[in-house]
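Q: sequence unavailable; structure follows:
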Ligand code: CAO
């Protein structure tokens, strides 16, 4: 089946997670993604947190499917020559090296643009160009701290907290993918490539925009009525950590279900949607609360919202998280069981939709990965295994016009 990005050639100069997440998605959608890796070692994630000795780690296989791998030492003159050939016939180059690494290699934006004015050059950095921290190398958790997620995540009596979701890495990669696709559409109109830059700090902050909303509300009125700190606790002049409170104006909390004493994930998330108060009261067997002035409005409920959650927990005490959701869904109450990775891995709906995909790898056999979260009516992304280090080196070099003896020479001098 043809795919929308068929014919788009991408030089994938990325490593670890932020860049690879972006190029992997573009590969799923049809782009020919050539991962350029250092001979001998390759992307550091190939060997990080290995579960099978000598075999590419899941960290690598889950972020590099559907790609080809070319080993190339781009610091050696012959390696630069190969890269230049590749640049001349590619549509996009994606990189997430530390600040200045590409320039030091001799491939500044100006040089790349000179080599191929139609090529889009896409970069991930920790901080945006010109930012006072733009010289810093950055990993996931650093970005979560820099982008406002850590100061607003966790409980008020605990330290700033990191989310397990890759807000700094994969999220930045997704922003970059949007930028690349936009630049490709732009190129169709202008015939010109451009530089696309995304910083991890900016991408985290983009997901924390409701916290910037809250900062401005706090500055104006001095309190935030949907936070657990209201009305009994104290507010300082910065947005506090709100524990598991709902962030969007609907109070909510993680509530214990049957078995919570021994199962750390026997919980549901329960949302008290303002206009759904009546069905909530009916669902939990408290119809008398519907017209009670102490409960009737969101404003009246807020001072004793935790007492309400406690009552709901009493109702949940004899129900598993799945049984509870099965009752609540009949009343149209937004809720979900707190699902573990094990439950997600075995979820038949996620398997059927391709969101959890089982993939074959030449050396490790089959493994699970997260497939495309984006579904199309005319295309089903097919997830293939990640490439072995340098698996496609000969194929790519031959495609660039290198003959057998030239390839052997490049191998002997450890350029590839
Ligand atoms: N051949 C020769 N040299 C190569 C090469 C190749 N194929 N591929 C990479 N290199 C070189 C680079 O030229 C660079 O060399 P110099 O520093 O001597 O110029 C070096 O390898 C890579 O440097 P780096 O700074 O990218 O790598 P690092 O391990 O020190 O830092 C990271 C890693 C992620 C902190 C840094 O790359 C970074 O800040 N990236 C931008 C932000 C980012 O994407 N972070 C998210 C990563 S996911 O958690």
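A: Okay, I see it. Predicted model, so just to flag it, every value in this text is computed and none were measured.
Q: what is the least confident helix or strand in this structure?
A: Considering only helices and strands, the least confidently modelled element of the chain by mean pLDDT, DSSP states H and E is helix 298-301, at a mean of 90.
Q: residue of the stretch 101-250 of the chain nearest the ligand, please.
A: At 3.5 Å from the ligand, residue 137 is the closest residue in the stretch 101-250 of the chain, using CB to the nearest ligand atom. For glycine as for every other residue, the C-beta is placed from the backbone atoms N, C-alpha and C.
Q: that residue: what secondary structure?
A: What DSSP: H, G, I helix; E, B strand; the rest coil gives for residue 137 is coil.
Q: okay, and the nearest residue to it once chain neighbours are set aside sits in which element?
A: When the adjacent residues along the chain are set aside, residue 137 lies closest to residue 98, with 4.6 Å between them (CB to CB, 6 or more residues apart in numbering). Here residue 98, judged by DSSP states H and E, is contained in no helix and no strand.
Q: I'd like the distance between residue 98 and residue 29.
A: Using CB to CB, to the nearest Å, one obtains 28 Å as the distance from residue 98 to residue 29.
Q: of those two, which one has the most company?
A: Neighbours per residue (other CB atoms under 10 Å) separate residue 98 from residue 29, with residue 29 holding more: 19 against 13.
Q: need the strands for the stretch 101-250 of the chain, in chain order.
A: Counting by DSSP state E, counting those that start in this stretch, the segments of the stretch 101-250 of the chain that form strands are 120-125, 195-199.
Q: for the first one, which helices and strands make contact with it?
A: In this case it means strand 120-125. Other elements packing on strand 120-125 under the criterion 3 or more CB pairs under 8 Å, 6 or more residues apart in numbering; DSSP states H and E are helix 18-28, strand 92-95, helix 109-115, helix 170-190, strand 195-199.
Q: of all the ones you listed, which one comes closest to residue 299?
A: Each of those was scored for nearness to residue 299 using CB to CB, and the closest is helix 170-190 (34.9 Å).
Q: now the angle from that closest one to strand 195-199?
A: The directions of helix 170-190 and strand 195-199 differ by 160 degrees, with axes from the mean of the first three to the mean of the last three CA atoms, to 10 degrees as the criterion.
Q: what mean pLDDT does helix 170-190 get?
A: Across helix 170-190, the average pLDDT comes to 98.
Q: can you pull the buried residues of stretch 340-349?
A: When burial is assessed from 16 or more other CB atoms under 10 Å, stretch 340-349 yields no buried residues.
Q: distance from that stretch to the middle of the chain?
A: With CA atoms, centre = their mean, to the nearest Å as the basis, the distance from the averaged C-alpha position of stretch 340-349 to the chain average is 19 Å.
Q: figure out the length between the terminal residues of it.
A: Across its full length, stretch 340-349 reaches 15 Å end to end, with CA to CA, to the nearest Å as the criterion.
Q: ok, residues contacting it?
A: Stretch 340-349 is touched from outside by 265, 337, 339, 350, 356, 368, with contacts defined as CB atoms under 8 Å, 6 or more residues apart in numbering.
Q: how many other residues sit next to the residue nearest to residue 222 when sequence neighbours are not counted?
A: Across the structure, with CB to CB, 6+ apart as the measure, the residue nearest residue 222 apart from its sequence neighbours is residue 235 (6.4 Å). Burial of residue 235 is recorded as 15 neighbouring residues (other CB under 10 Å).
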